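Trainee: Take a look and give me a structure for this.
(one chain, ligands or ions: 2)
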Amino acid sequence: MSEAATAAGPMQRPDALRIVDEVFADDPVVLTLGGTIREMLAVAGRKPNHLYVLDAMGLPPVIGLGLALGIERDPRHEALLVVEGDGSLLMGFSALGTIGALKPRKLVLLILDNGVYLATGGQPTAASAVDFAAVARACGWAAARDVASTPGALRAALAAARAADGPTLLRLRVGTATIPTDFFLEDPVLLAADFARWLRG
Ligand SMILES: Cc1ncc(C[n+]2csc(CCOP(=O)(O)OP(=O)(O)O)c2C)c(N)n1
Ligand SMILES: [Mg+2]
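Mentor: Numbering: from 1, shown residues only. Ligands and ions are numbered 1, 2, ... in the order given. Alright, predicted model coming up:
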C-alpha cells in the first residue's frame, strides 16, 4: 500500500505486521492473541522467532518483560518486540508499572490500537480515553510515543526503537479491516517450547 493511499485513514493491521516482520525479521517477537497471530501467520508464515501467545489476554507485555530480562546480557539478541492489542494491554495494565520499575533495556512494546475488542465482535475498549505513551513515561519507561499511522513512520519508529536502549512503548492506531486467515489451534505449551529452543540457539 502506498503512503498516499493511507492518507485517508490509519494503516490496517496486516500492513503493520508486514513491517514488524521486516524490521524484527530475526529477533524474538511476542505476538498477542486473536487476529494478530492469525494475520501474522498469513503475511509472514510460521517463524521460529515468533512466540504465539494464544488466549492469554493481558499477558504479552509481562511475558516480554521476563524474556527481555533473560536476554539482557545475550549478545545474540539485540532487542525483543512485543506486539500487543489495546484491549489486552488494558487488561494487563499493571505491566506498565512493573516494566517501568525493572527497565528491561531490550524491550520494545508496539500497541496495535484498533480501539475495539475485534476478536469478540468489535466492542469498544477504553483506549480512546487513555494516553498510553504518557502513562508509560510516568511509569519510568525510557521512551514512549504515538507513531503516525503510515508505513514509513512505523518502519522508522521500529528501527529506532530496536537500536535504542528501552524499554520503549510505541502506539500505532490501526483500522479494523481483516484478511482471510486460517485457524491456529496448536498447543500453547508446545509453541512455548519451540520458541524457547530457538531463543537458546
Ligand atoms: C481473560 C480473557 N478474557 C477474554 C478473552 C477473549 N478474547 C480473546 S481476544 C479478545 C479481544 C482482545 O482485544 P485487543 O487486545 O484489542 O485485540 P483485538 O481483538 O482488537 O485484535 C478477547 C476479549 C480471553 N482470551 N481471555
Ligand atoms: Mg483491539
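
Trainee: use CA for all of it now, contacts and neighbours both
Mentor: Will do.

Trainee: how about the helices in this protein?
Mentor: 3-6, 13-23, 35-44, 60-70, 86-91, 94-102, 132-138, 151-163, 188-200 (DSSP state H).

Trainee: weakest of those helices by average pLDDT?
Mentor: Ranked by mean pLDDT, the helices of the chain bottom out at helix 3-6, with a mean of 46.

Trainee: quick one: residue 115 and residue 129 touch, right?
Mentor: No: Residue 115 is beyond contact range of residue 129, at 10.0 Å (criterion: C-alpha atoms under 8 Å).

Trainee: more neighbours, these two?
Mentor: residue 115 (20 against 7; other C-alpha atoms under 10 Å).

Trainee: Between the two ends of stretch 134-153, what distance do you get?
Mentor: End-to-end distance of stretch 134-153 (C-alpha to C-alpha, to the nearest Å): 19 Å.

Trainee: Any buried residues in it, and which?
Mentor: 135-137, 139-147, 149-151 (16 or more other C-alpha atoms under 10 Å).

Trainee: closest to residue 98 among these?
Mentor: Residue 98 has its nearest neighbour among those in residue 139, at 8.3 Å by C-alpha to C-alpha.

Trainee: Backbone dihedrals for the closest one, please?
Mentor: phi -90, psi 0 (degrees, to the nearest 10).

Trainee: how near is it to ligand 2?
Mentor: 23 Å (C-alpha to the ion, to the nearest Å).

Trainee: next one: residue 80
Mentor: 21 Å.

Trainee: got the contact list for that residue?
Mentor: Shown in contact with residue 80 (C-alpha atoms under 8 Å, 6 or more residues apart in numbering): 27, 28, 29, 30, 64, 67, 68, 106, 107, 108, 162.

Trainee: And it, what's its pLDDT?
Mentor: 98.

Trainee: Kindly report the same for residue 2.
Mentor: 45.

Trainee: What's the PyMOL line that selects buried ones from the contacts of residue 80?
Mentor: Buried members of these, defined by 16+ other C-alpha under 10 Å, are picked up in PyMOL with:
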select buried, resi 27+28+29+30+64+67+68+106+107+108+162
